[in-house]
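> Need coordinates for the following:
(2 chains)
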Amino acid sequence: MSEHSQTGKRPIGWMGIHRGHKARPLEWLAEKFIFLVSLSAILVIFLIFLFVAREALPLFLGRMDSALVKPVIPPGDMDKHTPEELRQYLGLDAAKFKAMDRETLQLLMEVKVEAQNEIPENFRNDKDARINTTQWRYLVLPHQWTGYDQPEYIWQPVGQIHKYNIVPLFVGSLKTTLIGLLFAVPLAVGAAIYVSQLARPRVREILKPTIELLSGIPSVVIGFFALLVMATAFQHVFGYETRLNAFVAGIALGFAIIPIVFSISEDALTSVPRSYTQAALALGASRWQTAWQVVLPAALPGVFAAVILGFGRAMGETMIVLMVCSASVMSWSIFDSARSITTTIAAEMAEAVSGGHHYRILFMLGVLLFAVAFASNMIADVVMHRLKHRLEGKR
Amino acid sequence: MNMKTKLTRLITPLALTVAISVPALAHAGSITVKGSDTMVILAQKWAEVYMGKQPETKIQVTGGGTGTGFAALQNRTTDLCNASRKIKAAEQGKCIEAFGARPTEYKVALDGLSVYLHADNPVKELSLEQLESIFTGKIKNWKEVGGPDAAITVYSRENSSGTYEFFKEHVLKGKDFMASAETKPGTAAVLQAVAKDKGGIGYGGAAYGAGAKHLSVKKDGSSPAVEPTEESVVNGSYPISRHLFIYVNPKLDQGETAAFLKWIRSDEGQKLVQEVGYYPLPQNLRAK
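Next comes the predicted model:
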């Protein structure tokens, strides 16, 4: 004992075993259990990402081919090709190919020929029929498809020619998200300033939980309300043509993110040291001046983090946009319809041929969404840390 | 995200299917049915009545979509696959890879697709060609087809629906729907949107109906306009109709499964089709 106190160190062994399990075995167990739980949470997130990325991988590697018309090998010519050529033609992996007997292979080849014969004549000669539409230039750049007057961004994944341009979906997601943020952020931050700085304690005790209760409303309910009530009411007020549009969806999204932005910015505003407020008031500033010019700037990084988290939530929200509008139109006008990325995944996954190009494209959208969510959360985290340092005067 | 996908499906009322369970007997055979959301109610009705007749057979019905059904057929997690469209070559290939044979196809019912208009819209009939122009966006105003001077709003189904594919292939002749066509997750949603929109037009099962007007359709400019009724759908004079299918792994098409399939296609099974709101097979396609 005396030895340790001299060096200032306590006997800590591997994972704290020496210190813990002798003195307080239960505490040690609980600690390790919590450690395992948090570790498994990280592991699960990692595995989900790995799964999503794995399903999208062939697309990133350019291994998918969605061309309508492909060269065929008649089943009769089976012996003229090497097994390796046949394997690649049928798109099988080596183990599966080996396990198959000759008849099965022949059947598979017949199906391939039949599929080509089923193509209607007008599509067989279409200039787009030989295009692999999963190439990046067709995914992100406009292309003049047959029947269109000019190059356009088209998301029409089901049909003879699969048009997978993801730009309208990104525009749709961004459009609804930005409208939602523009609507929600001023309201939520304003409410946060009022509740944390200006309201009397009794009013605050009622207001804060009430606004936070909004987050308990399931997004389906908000979507349903927007679809039936808000859409009609807004059309009366603004008189636009499309009843269900990005504006209605955006405002409904706003309702979903108000509690998040409010709750986090309120915390940020409240955590500004009281000495700031007292100093400002002592110098003769009014309560409003103090809140607006002293407390808000001090809490700005926290408020910014709240906005970013709200952005992440709005980008990831599926149900509201799915219920309100879903036309994949390429337009920045807020009174046109929009189709978000999450809507697309939710609506189309059930029917996509598993392992096919449509399926892989949907997973790729998932990966991109993951990247956006990860980036926005990371920015929020960095800003939160800056806030902490700033308030502790470490910067 | 995967969670959300699941959530959405849960909310779609059609997908909200409950496995029908009966007390399992020791020697009970069990048939699982999975696939098209359109057919869930129909399949449940068949299962319910059949289990009432044959208590030793246990049938479980779930939805999820035609594509999901085919995936399950390949993994052998289902015996029967409901499909509101024909199997695709790629899916057939997957089935052959999995069990070495093409799945057997049975036509089990007929479905007529109606074109819905708002009840106040004076337009009563359109030709297939006019419908194609409207849904691809070439005709944008009702006055071009003899209606009032008002913009047309097009409502469509989600592209995961068999109805969407059928309409695209047979009415639009494979052309794309206009980009601003509003897609809806179910026939009821399309109907509800059209009922609320004076310039709206949409499509869906003929059996659905309340709230909007069903359009009479002309095959071409000179042929008579035909209203979607049971008679016109079954005798084929109404131009937009399709078959509903059940697919089965031929190696499993025996014993109780085969008996159930035969019963579905018998007069008795076909009578239930009408009760649920689809159209029965013509006599020559039924099982004797």
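
> Next, give phi and psi for B:Thr62.
Dihedral angles of B:Thr62 (phi, psi; degrees, to the nearest 10) stand at phi -140, psi 160.

> again, but for B:Pro224
Dihedral angles (degrees, to the nearest 10) for B:Pro224: phi -70, psi 150.

> doesn't B:Lys218 make contact with it?
Yes: using Cβ atoms under 8 Å, B:Pro224 is in contact with B:Lys218, at 6.8 Å. C-beta here means a position set from N, CA and C on the backbone, and glycine is covered the same way.

> more neighbours, these two?
A side-by-side neighbour count of B:Pro224 and B:Lys218, using other Cβ atoms under 10 Å in any protein chain shown, places B:Lys218 first with 19 against 9.

> can you pull up the bridge partners for that one?
Note on B:Lys218: beta-bridge partners by DSSP bridges are B:Ser127, B:Ala225.

> Against chain A, how distant is it?
22 Å (Cβ to the nearest Cβ, to the nearest Å).

> Does B:Gly63 belong to a helix, a strand or coil?
Following DSSP: H, G, I helix; E, B strand; the rest coil, we place B:Gly63 in the strand state.

> Give the buried residues for stretch B:91-111.
B:91-97, B:99-100, B:102-103, B:105-106, B:108-111 (16 or more other Cβ atoms under 10 Å in any protein chain shown).

> anything in the strand ranked longest in chain B near chain A?
The longest strand of chain B (DSSP state E) is strand B:104-118. No: judged by Cβ under 8 Å from any Cβ of the partner chain, strand B:104-118 stays clear of chain A, getting no closer than 12.0 Å.

> list the helices and strands that strand packs on?
Under the contact definition 3 or more Cβ pairs under 8 Å, 6 or more residues apart in numbering or on different chains; DSSP states H and E, strand B:104-118 sits against helix B:162-170, helix B:187-196, strand B:200-205, strand B:212-214, helix B:230-234, strand B:241-248, helix B:255-264, helix B:267-276.

> Swap in 6 Å and give it another go.
For strand B:104-118, the packing partners by 3 or more Cβ pairs under 6 Å, 6 or more residues apart in numbering or on different chains; DSSP states H and E come out as strand B:200-205, strand B:212-214, strand B:241-248.

> May I have that strand exported as PDB, CA atoms only?
Taking Å, rounded to 0.1, in the frame of the first residue of the first chain, the C-alpha atoms of strand B:104-118 are listed here in PDB:
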ATOM      1  CA  THR B 104     -45.200 -24.400 -63.300                       C
ATOM      2  CA  GLU B 105     -47.600 -21.600 -64.100                       C
ATOM      3  CA  TYR B 106     -51.300 -21.700 -63.300                       C
ATOM      4  CA  LYS B 107     -53.800 -19.000 -64.300                       C
ATOM      5  CA  VAL B 108     -56.100 -18.600 -61.300                       C
ATOM      6  CA  ALA B 109     -58.300 -15.500 -62.000                       C
ATOM      7  CA  LEU B 110     -58.900 -12.500 -64.200                       C
ATOM      8  CA  ASP B 111     -58.600  -8.900 -63.300                       C
ATOM      9  CA  GLY B 112     -59.900  -6.000 -65.400                       C
ATOM     10  CA  LEU B 113     -58.100  -2.600 -65.100                       C
ATOM     11  CA  SER B 114     -60.300   0.400 -65.000                       C
ATOM     12  CA  VAL B 115     -59.300   4.000 -65.900                       C
ATOM     13  CA  TYR B 116     -60.700   6.300 -63.200                       C
ATOM     14  CA  LEU B 117     -61.800   9.900 -63.600                       C
ATOM     15  CA  HIS B 118     -63.300  12.500 -61.200                       C
END
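
> per-residue confidence averaged over that strand?
In this model, strand B:104-118 has an average pLDDT of 91.

> Name all residues that make contact with the residue in the stretch 101-250 of chain B positioned nearest to chain A.
Chain A sits closest to B:Ser160 of the stretch 101-250 of chain B, with a gap of 3.4 Å, by Cβ to the nearest Cβ. Contact analysis of B:Ser160 by Cβ atoms under 6 Å, 6 or more residues apart in numbering or on different chains lists A:347-348, A:350-351.

> can stretch A:85-104 be found next to chain B?
Yes: judged by Cβ under 6 Å from any Cβ of the partner chain, stretch A:85-104 and chain B are in contact via A:Thr104.

> Buried members of the contacts of B:Ser160 into PyMOL, please.
To isolate the buried ones among the contacts of B:Ser160 in PyMOL, judged by 16+ other Cβ under 10 Å, type:
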select buried, chain A and resi 347+348+350+351
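
> Cross the contacts of B:Ser160 against strands and list the overlap.
Among these, no member lies in strands (by DSSP E).

> how long is stretch A:89-98 end to end?
Length of stretch A:89-98, first residue to last, Cα to Cα, to the nearest Å: 14 Å.

> Just say which of the helices and strands packed on strand B:104-118 is most tucked in.
Comparing the helices and strands packed on strand B:104-118 on average neighbours per residue, with mean count of other Cβ atoms under 10 Å in any protein chain shown, the densest one is strand B:200-205 at a mean of 26.

> list the helices and strands that strand packs on?
strand B:104-118, strand B:153-157, helix B:187-196.

> Packed most tightly, which of the ones you listed would that be?
Taking mean count of other Cβ under 10 Å, strand B:153-157 is the most buried of the helices and strands packed on strand B:200-205, at a mean of 24.

> quick one, that strand and strand B:200-205 angle?
20 degrees (axes from the mean of the first three to the mean of the last three Cα atoms, to 10 degrees).

> Tell me the strands beside strand B:153-157, with direction?
Short version: by DSSP bridges, strand B:153-157 pairs with strand B:182-184 (parallel), strand B:200-205 (parallel).

> need these in JSON lines with mean pLDDT, can you?
Putting those into JSON lines (pLDDT from 0 to 100) gives the following:
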{"stretch": "strand B:182-184", "mean pLDDT": "86"}
{"stretch": "strand B:200-205", "mean pLDDT": "89"}
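
> Buried residues of the longest helix seen in chain B, list them for me.
In chain B, assigned by DSSP state H, the helix with the most residues is helix B:40-53. Neighbour-count burial for helix B:40-53, counted by 16+ other Cβ under 10 Å, picks out B:40-47, B:49-51.

> That helix close to chain A?
No: using Cβ under 6 Å from any Cβ, helix B:40-53 stays clear of chain A, coming no nearer than 12.6 Å.
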